[in-house]
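[1] Would you be able to build a 3D model of this:
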Amino acid sequence: MKRNIFHSFTLAFLLLIFAYPLCAQKKSALELFNQAQELQQQSRWFDAVDLYQEALLLNPQYGDALYNLALCHYALGSYDLSVQYADEASKYARNFSDIQNLKGLSLISLGRVNEAKDVFSQILKKYPNDVNARFGLAELDLLDGRLTVAESRYQDALKRDASNRKALLSLALVSAEMGKPEVSENYIRQALSFYSGEPEVHYMAAYLSAKNGDYKTAEQRARSAVLINGNFDKAYSILAGILYAQKRYNEVIDICDFRIGRNRDSVDAWYLKGLSLQKLGKNEDAIETYETGLSIAPQDEVMRNALEQLAGSYLSIEDSRRNIWAVFHSAKAEEYGRNFDGIAERYEYQKALSVAPLNNKIRQSFADMLERDGHYELYLQQLKFIRENETSAESEIQTNENSPAAKRTREQIKNDDAIEVYESLLRNNIASRWNVDPFYLDKTRWNIGIYYTKKPVQLFHTDLEEISALAAKDVFNGVPSAYVDVQSEPVSGYGEAFRLARNSGRDYFVIFTASETERTYSLDAVIYSARTGTKTSEVHVYRTGNDCMARALQRFRQGVLDILPIRGKVLRNVHGQLLVDLGKNDGVSKDSEFDIVRKGCVITKDSGSGVSYNKKDFLGTFKVENSDEEISEGVYKKNGFYDTLNVGDEIVLTKNPEKKETSALDNRPAANVSGEPATEEARKAELESLKESLRPASRESDLIHLIRTII
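    Residues are numbered from 1 along each chain as shown. Reported below is the predicted structural model:
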């Protein structure tokens with residue numbers, strides 16, 4: 001009994017010894033809140049969130065903790081959580097206007113613009129002089145492109161508080177966007193005088209100096225930001241971008257390695273390091289760096305394009321790594337196929353095959369898609385390519401010297417049977433009757449140049465414009481009628497682009513710009529006649545979410561093709577019966593009508609889309625009677641008494657029969673001689689484009705992104 005009592009006292013004593021420090025170390029909700037505040041001021045958002053949540057476990061009705069938790073989630077871009085915590089905070093905290101203003105800003109970021117406007121309006125009804133509500137309305141103005149209105153709102157706020165940090169920085173950013181660098185510099189100097197110890201102010205100052213091309217001042221200001229706060233990652237990021245613009249690539253790599261060492265998930269650091277290694281000619285190291293970055297962020301479209309462009313120019317087509325990268329696109333193609341999005345599916349398969357042209361498995365999937373969509377001639381062509389280019393491992397395996405027997409896979413047997421069947425079915429088609437192989441025809445009719453302008457600084461992906469322009473060229477790889485090329489260096493503007501395009505003998509040239517935020521991608525392209533320099537058309541695309549860059553580039557391709565008239569040439573002329581190099585895949589069908597024009601005499605119109613030619617060069621008309629996928633035959637009606645038509649003369653579509661398309665293709669010109677939509681698909685695309693252009697110009701930008709970071 002005494003022994004049991006002794007053990008009980010001993011156990012109780014030990015528990016008291018170990019429990020006492022734990023009780024003594026337990027912090028109150030207020031202490032956790034104060035510690036979280038310190039972390040929040042250092043922009044250590046995740047750590048601050050953790051402590052605020054601990055404080056709320058002790059006191060679920062802690063209004064100030066809920067409000068600051070909403071602030072942290074806003075800074076992290078978790079806008080839905082920011083709204084949720086703001087609503088909770090409004091039940092317990094007293095600072096009603098601050099909470100509601102934060103909720104309004106979060107709603108803007110979520111795209112719930114009307115709700116945000118109502119929130120700010122309600123605040124101003126209750127508090128007419130509330131500065132932050134005016135900031136919220138100013139951000140709505142910026143989203144709609146009303147820079148002047150937004151500027152006046154910020155100026156009004158500054159009148160109420162001459163040292164207001166957000167007003168000064170916002171005015172500096174807006175003035176720079178409006179092309180008023182002197183005014184912008186005046187505001188940023190005021191901000192620096194009032195808040196010289198805040199790294200965010202030096203960061204904004206560095207950005208504005210870089211935007212003006214003053215890299216020396218920008219570097220000084222960025223270094224000031226990191227000296228004040230050595231943990232301010234954004235300042236290191238912009239400093240690396242400034243050094244990259246000055247071609248100091250080794251220093252850029254050092255900063256990127258420093259950032260990666262602190263946070264291996266710094267995707268933009270991997271990207272910029274890869275670019276710098278590429279500029280130094282260390283291509284293998286660059287590829288390895290891009291691969292690591294993509295293993296962390298596989299959906300980073302810009303980095304993936306950078307890797308694929310480097311691989312295309314540097315690696316042989318037999319390199320086995322190509323197959324690994326191509327699988328990403330083939331998997332996406334299969335996903336689009338399951339969702340019945342044939343155009344996107346085709347795009348991804350073509351992208352995969354541009355990365356790994358010898359990948360028979362992906363080519364087989366692409367071929368199966370073509371068969372499914374009724375493109376039997378193209379399907380047969382792909383099967384023959386697979387058979388002719390099988391690798392030694394996939395090709396016939398001889399059993400011994402005396403036996404020609406070979407082991408064939410089930411897929412090879414199936415393809416051989418399909419080739420035999422389709423060759424038999426197509427034995428009496430137009431190509432067979434005229435003894436022409438349509439897949440060896442040169443169908444190029446349009447010569448288009450893409451020229452890009454470049455911003456002095458990009459917040460997310462350096463060299464975005466160059467990579468986007470090269471990607472825009474790549475999307476035309478599956479368009480046989482158009483040759484598209486990219487000027488390797490940025491142009492200063494319209495004058496240089498026009499001179500280069502005209503000297504190169506192009507039909508059209510495109511001045512291309514691209515921009516992005518964390519969740520959006522937009523491109524603006526103005527298309528000009530290379531002969532006269534007049535504007536022909538514009539394409540403005542804004543996409544959000546996953547694959548936004550790919551979807552924007554597809555829309556750009558469609559916007560260019562929609563203004564190009566369907567053109568071909570005469571292949572044969574036998575007693576008024578013509579064979580031409582246009583078919584169903586080119587948007588041509590029975591009863592399509594064409595003008596025939598002397599070779600080399602079709603020119604772009606002086607202004608607007610479409611083509612023109614002299615009456616003396618008009619040779620007659622052509623009407624399609626039968627059409628296969630790539631070629632057609634029909635009747636020729638000459639113009640005048642003499643038949644002056646020669647093989648090689650051009651045909652231009654004047655009229656297409658009114659009928660619905662049977663297949664969805666967006667890789668062909670789609671206009672008639674006047675530049676008007678010639679196919680049902682083109683008419684639908686024009687309506688969609690019109691709807692898109694009528695939408696409000698509410699798009700995120702560097703300006704809005706930076707203003708949102710000013711808390």
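
[2] for the protein, which residue is closest to the average position?
    M549 (1.7 Å; CA atoms, centre = their mean).

[3] how would you label it: helix, strand or coil?
    Three-state assignment for M549 (DSSP: H, G, I helix; E, B strand; the rest coil): helix.

[4] For the residue nearest to it when sequence neighbours are not counted, grab the count of nearby residues.
    Spatially, and ignoring its direct neighbours in sequence, M549 is nearest to E301 (4.0 Å; CB to CB, 6 or more residues apart in numbering). Every residue, glycine included, has its C-beta placed from N, CA and C. Residues within reach of E301, counting by other CB atoms under 10 Å, total 23.

[5] Repeat that for T520.
    18.

[6] what do you get for G104?
    So G104, with other CB under 10 Å, has 29 neighbours.

[7] in the helix or strand containing it, what's buried?
    Taking DSSP states H and E as the definition, one finds G104 inside helix 96-109. Across helix 96-109, burial judged by 16 or more other CB atoms under 10 Å covers 97-109.

[8] same deal with stretch 202-219?
    202-212, 214-215, 217-219.

[9] And stretch 295-311, by the same measure?
    For stretch 295-311, by 16+ other CB under 10 Å, it's D300, E301, V302, M303, R304, N305, A306, L307, E308, Q309, L310, A311.

[10] what do you get for stretch 570-588?
    570-571, 573, 578-588.

[11] Pretty sure the residue nearest to M549 sits against A552.
    No - assessed by CB atoms under 8 Å, E301 is found out of contact with A552, at 9.7 Å.

[12] Find the residues that touch each one of these two.
    Y521 (CB atoms under 8 Å, 6 or more residues apart in numbering).

[13] low-scoring stretches of the stretch 151-300 of the chain, by residue?
    Within the stretch 151-300 of the chain, no stretch has pLDDT under 70.

[14] typed the wrong thing, it's the chain
    Low-confidence segments of the chain, defined by pLDDT under 70: 1-25, 391-408, 659-666, 679-698.

[15] 50 instead?
    Along the chain, the parts satisfying pLDDT under 50 run over 1-2, 5-6, 9, 11-24, 392-405, 662, 696.

[16] Let me see the domain layout of it.
    The record's domain parsing of the chain by automatic domain parsing lists 69-277, 298-390+409-427, 446-560+695-702, 567-690.

[17] and those domains as TSV, adding distance to Q41?
    Output for the domains of the chain, formatted as TSV (distance: least, CB to CB, whole Å):
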stretch	distance to Q41
domain 69-277	10
domain 298-390+409-427	31
domain 446-560+695-702	23
domain 567-690	48
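
[18] quick one, which of those domains is nearest to A36?
    Nearest of those to A36, taken as CB to CB: domain 69-277 at 8.4 Å.

[19] coming back round to it: of all the buried residues of stretch 202-219, which comes closest to R259?
    Y203 (14.8 Å).

[20] Hmm, S224 and that closest one touching each other?
    No - the criterion here is CB under 8 Å, and Y203 misses it with S224 at 9.1 Å.

[21] count of residues packed around P657?
    By other CB under 10 Å, the residues close to P657 number 10.

[22] cool, and L383?
    L383: 23 neighbours (other CB under 10 Å).

[23] residue contacts, it?
    With contacts defined as CB under 8 Å, 6+ apart, L383 is in contact with A367, N415, A418, I419, Y422.

[24] So which of those residues sit within helices?
    Cross-referencing the contacts of L383 against helices under DSSP state H gives A367, N415, A418, I419, Y422.

[25] With neighbour count and distance to V491 added, can I get these in TSV?
    Putting these into TSV (neighbours: other CB atoms under 10 Å; distance: CB to CB, whole Å) gives the following:
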residue	neighbour count	distance to V491
A367	24	40
N415	21	47
A418	16	49
I419	16	48
Y422	18	47
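
[26] What is the nearest of those residues to N503?
    A367 (41.3 Å).

[27] Apart from its neighbours in sequence, what residue is nearest that closest one?
    Closest to A367 by CB to CB, 6+ apart is Q382, at 3.8 Å.
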